[in-house]
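*Asks:* Show me how the following folds:
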Amino acid sequence: MQRVLALLATYQQLSLAELTALLGYSDHNILQQIEKLRQQGIQIEQQAQYFRLIPQLARLNDSYLTQALAPYPLYIKPIINSTNQFLLDNIAHLEKGAICLAEYQTAGRGRRGRQWLSPFAGQVIMSLYWTLEPTVNLDGLSLVVGMAIADTLKQAGAFGIGLKWPNDVLLHGRKLAGILVEIANRKNNQHNLVIGFGINLSLPKQTNQIDQPWAALIDVLPNIDRNQLIAELGKNLIARLQHFEQSGIDDRFRQDWLMMDAYLGEEVNILTESHKITGIEQGIDERGYLQVVTPEGMQYFNGGEVSLRKVS
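*Replies:* Sure thing, here's the model as predicted:
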């Protein structure tokens, strides 16, 4: 299916005969694959024997984004397995601040290996390569990324944005964006980080493979400019990372977090591999650890250890 999609993404339109000639598949096989792509929410228009891919939103604008995100190197891939994986695979040659964007990824992944699904040109799919001094404590880094996303969405005029510790952005309580931070191996005496995130902008209504309540930004910003949003995301993310390197999870950041914390003061469950702990969520400490008041007193939780659920 990905070869069919890749061809349709490259050309204005292609006939069935052209697709079979280019791919070496039968007519029946091509039609089957197109139908499966449609079932995944990818819009493919057919007129007579001609097929055309309809992006969910306006495509990524290479020249605009290259200029807006300068001086950082930019890689735009119409179709890719994973923007994070692209940066990880090319880490030895990347400059700090390199950004990879995609219209569609076939193997996007979230926290704990969960799949991250995407329509064609319906999301922000973005990864950034960044380095920090080895003395910097990385605890709380995903919170910093979430805050940069929240900053950008609020500046764009979105309302109902909240942050769910440690790495989800919510819109009216439903998942709007997910974050995955990976540590890369590069011998340069630095923390080498690949910071990836996906933001739902406009999802096809038939999307039924997502196993949790989800939201799309178009619900509150119907005229969102995806390219402009991406440019602002890059700037805000880098600014937040630079502040984090200098000051960590400082008082200013913790106050910002309290303003955006979707579960502050709520009864929550903390799920570990073997236990469930219930208490009242009380924001974060100077390490970015979650603070929860339980019958045994205040307890602290690291994002790598647990999952957070609101008690319904």
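*Asks:* Please count neighbours and contacts with C-alpha atoms only from this point.
*Replies:* Noted.
*Asks:* Tell me who's in contact with L101.
*Replies:* Neighbouring residues of L101 by CA atoms under 8 Å, 6 or more residues apart in numbering: 74-77, 83, 124-127.
*Asks:* so of those residues, which ones are in strands?
*Replies:* Judged by DSSP state E, strands contain the following of these: 74-77, 124-127.
*Asks:* Dihedrals phi and psi, the closest residue to P78 other than its chain neighbours?
*Replies:* Once flanking residues are discounted, P78 sits nearest to E103: 4.9 Å by CA to CA, 6 or more residues apart in numbering. Main-chain dihedrals, E103, degrees, to the nearest 10: phi -80, psi -30.
*Asks:* E103 against F120, yeah?
*Replies:* Yes. In this structure, E103 is within contact of F120 by CA atoms under 8 Å, at 5.5 Å.
*Asks:* Can you list the residue ranges for helices in the stretch 51-200 of the chain?
*Replies:* Counting by DSSP state H, counting those that start in this stretch, one finds helices in the stretch 51-200 of the chain at the ranges 62-68, 83-89, 141-155.
*Asks:* Quick one: mean pLDDT for the last one?
*Replies:* By that I understand helix 141-155. Average pLDDT, helix 141-155: 97.
*Asks:* go on, the second one?
*Replies:* For helix 83-89, the mean per-residue pLDDT is 97.
*Asks:* next one: stretch 303-311 to chain centre, how far?
*Replies:* 19 Å (CA atoms, centre = their mean, to the nearest Å).
*Asks:* try stretch 218-228
*Replies:* Using CA atoms, centre = their mean, the offset of stretch 218-228 from its chain centre is 16 Å.
*Asks:* rewinding a little: quick one: which of the contacts of L101 is most hemmed in?
*Replies:* T83 (31 neighbours; other CA atoms under 10 Å).
*Asks:* Distance check, that residue against G146.
*Replies:* 18 Å (CA to CA, to the nearest Å).
*Asks:* and what of V4?
*Replies:* V4 is 35 Å from G146, by CA to CA.
*Asks:* More neighbours: those two, which one.
*Replies:* Each of V4 and G146 has its neighbours counted (other CA under 10 Å); G146 has more, 27 against 18.
*Asks:* Which parts of the stretch 51-200 of the chain are strands?
*Replies:* 74-80, 99-105, 123-132, 161-164, 168-171, 174-184, 191-200 (DSSP state E, counting those that start in this stretch).
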